[in-house]
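Asker: A structural model of the following input is requested.
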Amino acid sequence: MTSTVTQHRLDLNPVRAVRGLVPVPGDKSISHRYVMLGSIAQGVTSVTHLSPGADVAATVACMRALGVRIDETGPGALTIHGRGRGGLRASPTPIDAANSGTTMRLLAGILAACPFSTTMIGDASLSKRPMRRIIEPLSVMGGSIEATDGHAPLIIRGGRLRPITWESKVASAQVKSAIMLAGLVPPGVTTIVEPLATRDHSERAFPAFGLSVRTSAPPDGSLSPPSGPVTVSVEGGQEAQAPGRTLDVPGDPSSAAVWAAAAAGLPGSSVELTGVCLNPHRLGFIRALERMGAAVTITVDDEVAGEKVGRIRVGHGQHLDATILPDEVPSLIDELPVLAARAALGGRLEVSGASELRVKESDRITALVTGFRAMGVTAEERPDGFVIDGSKRPSGGTADAASDHRLVMAFTLVALGSTGPSTVTDAGAVAVSYPAFAEDLRRLTE
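Answerer: Presented below is the predicted three-dimensional model:
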């Protein structure tokens, strides 16, 4: 395959197959949490294999602005000199979360308990994303957060917090984590009730920093997440402690999903993804790919700070029709665009209960369907999802990624299986989570 990438566009030609081994970049969700927890811990925390994307860089910049010394000790390696729970200091200027919703929402949970005022800003995309979902619980706890119609910028005035029991209306690991971080401070127990189980990276990271957390989820005995509502509780008055060992961030399942979907969709393909985080809440895309006909093998190699790590091998099998229902969505919300791309290469996929896609970096439902249609894919937009019909091969074309890294990857996969050349515009957005995306693409398609 020949492809070229600039800040603004990715020019692509069809390929016959993708083959090879990919060590995937560090997980973004876990990287955010290690940096934040290390910053409020007592002692020095060393982290390696950090996510190389712009989102985690925003978290690092925000913590530095709040007075934390963070040294870069190598590619993807940091030494964080924690200041303790009460050691953060006010920034004289607004702190910038850039494009990162995780940064803004989780950090709001920390700042809600700090005895000073902080203004948090973001880029144009982040400033459109809903923040009431964290403003409401943190305000009930006693924090003061001003916003513009529920959007950034946020002015957070820390206060004397109180424990709460919060029944979350939306299944969101970011909301849960923000409340957990705030709940570390006030005496008593803070409890979050989720309507559906979401990613539990915070629950797994807390013990690595000496913090206790209780959950109603069953013990982690399989690679399948619990179903139904889940309750998480945090005792106040806890002080995070540096782990006393280097934390190596597992590989990002969402990045792995791109190549897994490509291998599943293109005949003759086979890829092996190494060092991948095998958290059950992050493997919904694997279960979906299997239902769509992929041949998948998972091997657990290790466990790091409560996270299983291993290899995923994916090969092309069949093109089967599949449906993704609302209760599955939390375990594959970020991977839905590449699953849609897999369906565009053969079979039919119907997704419902995914209205959360409309408040990501873009309105991912509208932008995805619009881009797919521009590439010759039969796609139907629905209020809470979409239908992709891959009964005919895509023709290729020009698709606008709408400044959304997940859409850059999805449109790229469609291009690989098209009959003609394609262009993805706004392709520089992929650097948010996967700066080496184009490089790995070339290696798998040469």
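Asker: and the closest residue to residue 306 other than its chain neighbours, how far from residue 210?
Answerer: Excluding the flanking residues, the one nearest residue 306 by CB to CB, 6 or more residues apart in numbering is residue 204, at 3.6 Å. To be clear about C-beta, it is placed using only N, CA and C from the backbone, and glycine gets the same treatment. Residue 204 sits at a distance of 14 Å from residue 210 (criterion: CB to CB, to the nearest Å).
Asker: those two: who's more crowded?
Answerer: Taking neighbours as other CB atoms under 10 Å, residue 204 and residue 210 compare with residue 204 leading, 22 against 17.
Asker: which SSE is that one in?
Answerer: Assigned by DSSP states H and E, residue 204 belongs to helix 201-208.
Asker: mind checking how far that helix is from the chain centre?
Answerer: Centre-to-centre, helix 201-208 and its host chain are 16 Å apart (CA atoms, centre = their mean, to the nearest Å).
Asker: how about it as CSV, C-alpha atoms only?
Answerer: What follows is helix 201-208, C-alpha atoms only, in CSV (Å, rounded to 0.1, in the frame of the first residue of the first chain):
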residue,chain,number,x,y,z
HIS,A,201,-9.4,1.4,35.8
SER,A,202,-9.8,3.7,38.8
GLU,A,203,-10.9,0.8,41.0
ARG,A,204,-7.8,-1.1,39.9
ALA,A,205,-5.4,1.8,40.1
PHE,A,206,-6.4,3.0,43.6
PRO,A,207,-4.9,-0.1,45.5
ALA,A,208,-1.6,0.4,43.6
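Asker: the residue nearest to residue 306 contacts residue 279, correct?
Answerer: Yes - counting by CB atoms under 8 Å, residue 204 touches residue 279, with 7.5 Å between them.
Asker: which residues do those two both contact?
Answerer: residue 307 (CB atoms under 8 Å, 6 or more residues apart in numbering).
Asker: re the thing from before, please tell me how far the residue nearest to residue 306 sits from residue 134.
Answerer: Taking CB to CB, one finds residue 204 at 21 Å from residue 134.
Asker: ok, now residue 333?
Answerer: To residue 134, residue 333 is 17 Å away according to CB to CB.
Asker: more crowded one of the two?
Answerer: The residue with more neighbours, out of residue 333 and residue 134 and counting by other CB under 10 Å, is residue 134; that gives 28 against 23.
Asker: all helices for the stretch 301-446 of the chain, in order.
Answerer: In the stretch 301-446 of the chain, the segments counted as helices under DSSP state H, counting those that start in this stretch are 336-344, 364-374, 405-416, 437-445.
Asker: residue 298 is nearest to which of those helices?
Answerer: helix 336-344 (17.3 Å; CB to CB).
Asker: only alpha carbons, please: show that closest one as PDB.
Answerer: Extracted as PDB, the C-alpha positions of helix 336-344 are listed here (Å, rounded to 0.1, in the frame of the first residue of the first chain):
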ATOM      1  CA  LEU A 336     -17.800   1.400  17.800                       C
ATOM      2  CA  PRO A 337     -16.300   3.500  14.800                       C
ATOM      3  CA  VAL A 338     -13.800   0.700  13.900                       C
ATOM      4  CA  LEU A 339     -16.500  -2.000  14.400                       C
ATOM      5  CA  ALA A 340     -18.600   0.000  11.900                       C
ATOM      6  CA  ALA A 341     -15.700   0.100   9.500                       C
ATOM      7  CA  ARG A 342     -15.300  -3.700   9.900                       C
ATOM      8  CA  ALA A 343     -19.000  -4.100   8.900                       C
ATOM      9  CA  ALA A 344     -18.500  -1.800   5.900                       C
END
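Asker: packing partners for that helix?
Answerer: helix 253-265, helix 284-291, strand 322-324, strand 348-351, helix 364-374, strand 385-389, helix 405-416 (3 or more CB pairs under 8 Å, 6 or more residues apart in numbering; DSSP states H and E).
Asker: any idea which of the ones you listed gets closest to residue 313?
Answerer: By CB to CB (comparing all of these), the closest turns out to be helix 253-265, at 8.9 Å.
Asker: which secondary structure elements does that closest one sit against?
Answerer: strand 270-277, helix 284-291, strand 307-315, helix 336-344, helix 405-416, helix 437-445.
Asker: that helix vs helix 284-291, what angle?
Answerer: 10 degrees (axes from the mean of the first three to the mean of the last three CA atoms, to 10 degrees).
Asker: what angle sits between helix 253-265 and strand 270-277?
Answerer: Using the same axes, to 10 degrees: helix 253-265 against strand 270-277 is 160 degrees.
Asker: starting at the chain centroid, how far to helix 253-265?
Answerer: 15 Å.
Asker: got it, and stretch 121-133?
Answerer: The answer for stretch 121-133 is 16 Å, by CA atoms, centre = their mean.
Asker: which is the next helix or strand following the helix holding residue 204?
Answerer: strand 213-215.
Asker: list the neighbouring strands of that next one plus their orientation.
Answerer: Under the criterion DSSP bridges, strand 213-215 sits next to strand 230-235 (antiparallel) in its sheet.
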